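Engineer: 3D model of this:
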Amino acid sequence: MKMNQLLLCALLSLPLVACDKKQAAPSTTATTASAIGNDPAVPKLAAGTKATCPVTGEEFTVKDSTVQVTYNGKRYGFCCADCQPTFAKAPAKYAKN
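Structural biologist: All right, here's what the predicted structure looks like:
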């Protein structure tokens, strides 16, 4: 009987240990995400100007609806809304483009 209780206690405590490891992971992404934002001190890309998407390398004309973010003091515009989440996952990689 005691062996069953010990085994049950051990099995029930495993998810608690696993939860602690999962909670540590988001803090790493939060650091990356905090560098990406919309800093009002960095001027927006003007509508009608040409820009290059840092993700696809495609040249496009900036519109009022163009998705823009700032990263490390520079503003980046994207050819489409789908590129912004890709940039957010690895901004240092795409900011070089």
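
Engineer: For the chain, which segments count as strands?
Structural biologist: With DSSP state E as the criterion, the chain has strands at 36-37, 50-52, 59-61, 68-71, 74-77.

Engineer: Pull the CA coordinates from stretch 40-51 and hand them back as PDB.
Structural biologist: Coordinates of each C-alpha in stretch 40-51 appear next as PDB, following Å, rounded to 0.1, in the frame of the first residue of the first chain:
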ATOM      1  CA  PRO A  40       7.800  57.100 -31.400                       C
ATOM      2  CA  ALA A  41      11.200  58.800 -31.400                       C
ATOM      3  CA  VAL A  42      12.100  56.900 -34.600                       C
ATOM      4  CA  PRO A  43      10.300  58.500 -37.600                       C
ATOM      5  CA  LYS A  44       7.900  56.300 -39.500                       C
ATOM      6  CA  LEU A  45       8.700  55.400 -43.100                       C
ATOM      7  CA  ALA A  46       6.800  57.900 -45.300                       C
ATOM      8  CA  ALA A  47       4.000  56.700 -47.600                       C
ATOM      9  CA  GLY A  48       5.100  56.600 -51.200                       C
ATOM     10  CA  THR A  49       8.800  55.900 -50.500                       C
ATOM     11  CA  LYS A  50      10.600  52.800 -51.600                       C
ATOM     12  CA  ALA A  51      11.700  50.300 -48.900                       C
END
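
Engineer: mind listing the helices for this protein?
Structural biologist: 2-35, 83-89, 91-95 (DSSP state H).

Engineer: then the last one to CSV, C-alphas only?
Structural biologist: It stands for helix 91-95. What follows is helix 91-95, C-alpha atoms only, in CSV (Å, rounded to 0.1, in the frame of the first residue of the first chain):
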residue,chain,number,x,y,z
PRO,A,91,15.3,40.2,-35.4
ALA,A,92,19.1,40.2,-35.3
LYS,A,93,19.2,37.9,-38.3
TYR,A,94,16.8,40.0,-40.4
ALA,A,95,18.0,43.4,-39.3
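
Engineer: For it, buried residues please.
Structural biologist: 91, 94 (16 or more other CB atoms under 10 Å). The C-beta positions use only the backbone N, C-alpha and C, and glycine is treated the same way.

Engineer: Now do it, average pLDDT.
Structural biologist: Helix 91-95 comes out with an average pLDDT of 95.
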